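[1] Sequence first, then the predicted structure:
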Amino acid sequence: EVQILETGGGLVKPGGSLRLSCATSGFNFNDYFMNWVRQAPGKGLEWLAQIRNKDYNYATYYAESLEGRVTVSRDDSKSSVYLQLNSLRAEDTAIYYCTRGYNLLDYWGQGVMVTVSS
Amino acid sequence: DVQMTQSPSNLAASPGESVSINCKASKSISKYLAWYQQKPGKANKLLIYSGSTVQSGTPSRFSGSGSGTDFTLTIRNLEPEDFGLYYCQQHNEYPPTFGSGTKLEIK
C-alpha cells in the first residue's frame, strides 16, 4: 500500500523559514517524480515544485509564484522528499501536500499545515 | 499555464440522485483531464484520469467524459460517502493546473 506522510508544519513568523518532510513507503521511490502542492484556507490547489528521479538527474522545477523562496530535495535512501520554505509570508499559510507523479498526481499525503503569523 | 475553470462551485443533491461537474480548459488538453476527491483529514483521491479512465478502486458510479477543452464528471446514484470536494486537473501540459473545486453537499 502506498503511504505518504508529511511532517514539519507549524507556526512560523513572517520572514522565517521551515523545512517540510515527506516520508513514503509502499512503492519504489527511486522510480518516481515527487511534488509539493499547497492549498490556502478556503482556496484551491496550487502546484509548487517537482523533483525528478536519478534517471533525470534529480532535476527540479518550481512554480513562478514562489520567486525562488523554496527548494525541493530528496533522499532516495530514505524514500523521502523535502521542501525548504524561506522568507515566509502570510499568504504562504496553507496545507502543504506531498504527491507522486509527473503531471498526473496519483497518490497524495494528508498534508501538513503551515501558518505564517506574528 | 493552462487555466482550468470548474463549475458549479457548489452543488447540493440527495443520496440516490445523479450529479455532473464541469471543467473547462483555456486551451485544448486532448483527453488529459483528471478528477480528484477531497475529504477532511484524508488524502486526496484520484478518481479518473485521461478524461474517462477510472482509477483502480473508484466505484463504478463515477464516470468521466470529454476531450479538448470541455470535460464532465458524473456521479450516478449518490452515496453518502460521495459528499465532499471535487477538483479537476489537467495533466496534458507541465505544470499541472487545477480547477477551483466543487463542493458537493447533501440536500
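    Ah, there it is.
[2] alpha carbons only for contacts and neighbour counts from here, please
    Will do.
[3] Over to the residue in chain B that chain A sits nearest to. Which of the three states is it?
    Chain A sits closest to residue B:43 of chain B, with a gap of 4.2 Å, by CA to the nearest CA. Local secondary structure at residue B:43 is given as coil here, using DSSP: H, G, I helix; E, B strand; the rest coil.
[4] which residues sit in contact with the spatially most central residue of chain B?
    A centroid search over chain B (CA atoms, centre = their mean) returns residue B:35, at 3.6 Å, as the residue closest to the centre. Neighbour list for residue B:35: B:46, B:47, B:48, B:49, B:73, B:86, B:87, B:88, B:89 [criterion: CA atoms under 8 Å, 6 or more residues apart in numbering or on different chains].
[5] The nearest residue to the residue of chain B closest to chain A once chain neighbours are set aside: neighbour count?
    Counting by CA to CA, 6 or more residues apart in numbering or on different chains, residue A:110 is the residue found nearest to residue B:43 once chain neighbours are left out, at 4.2 Å. Residue neighbour count, defined by other CA atoms under 10 Å in any protein chain shown, stands at 22 for residue A:110.
[6] just to revisit the earlier point, among the contacts of residue B:35, name the ones in helices.
    Counting by DSSP state H, no part of those is found in helices.
[7] Spatially, which two of those residues are the most separated?
    Maximum pairwise distance among the contacts of residue B:35 (CA to CA): 13.4 Å, between B:49 and B:86.
[8] The residue nearest to residue B:43 is in contact with residue B:45, isn't it?
    No: with contact defined as CA atoms under 8 Å, residue A:110 does not reach residue B:45; the gap is 10.2 Å.
[9] Check chain A for the residue nearest chain B and tell me.
    Closest contact between chain A and chain B, by CA to the nearest CA, is at residue A:110 (4.2 Å).
[10] Those residues of chain B touching chain A, which are they?
    B:34, B:41-46, B:49, B:91-101 (CA under 8 Å from any CA of the partner chain).
[11] Strands - which of these land there?
    B:34, B:45, B:46, B:49, B:97, B:98 (DSSP state E).
[12] PyMOL command to pick out the buried ones of these?
    Buried residues within these, as defined by 16 or more other CA atoms under 10 Å in any protein chain shown, are selected in PyMOL through the command that follows:
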select buried, chain B and resi 34+45+46+49+97+98
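[13] Present the ones in strands among the residues of chain B next to chain A as JSON lines; the columns should include pLDDT.
    What follows is those, written out as JSON lines (pLDDT from 0 to 100):
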{"residue": "B:34", "pLDDT": "98"}
{"residue": "B:45", "pLDDT": "97"}
{"residue": "B:46", "pLDDT": "98"}
{"residue": "B:49", "pLDDT": "98"}
{"residue": "B:97", "pLDDT": "96"}
{"residue": "B:98", "pLDDT": "97"}
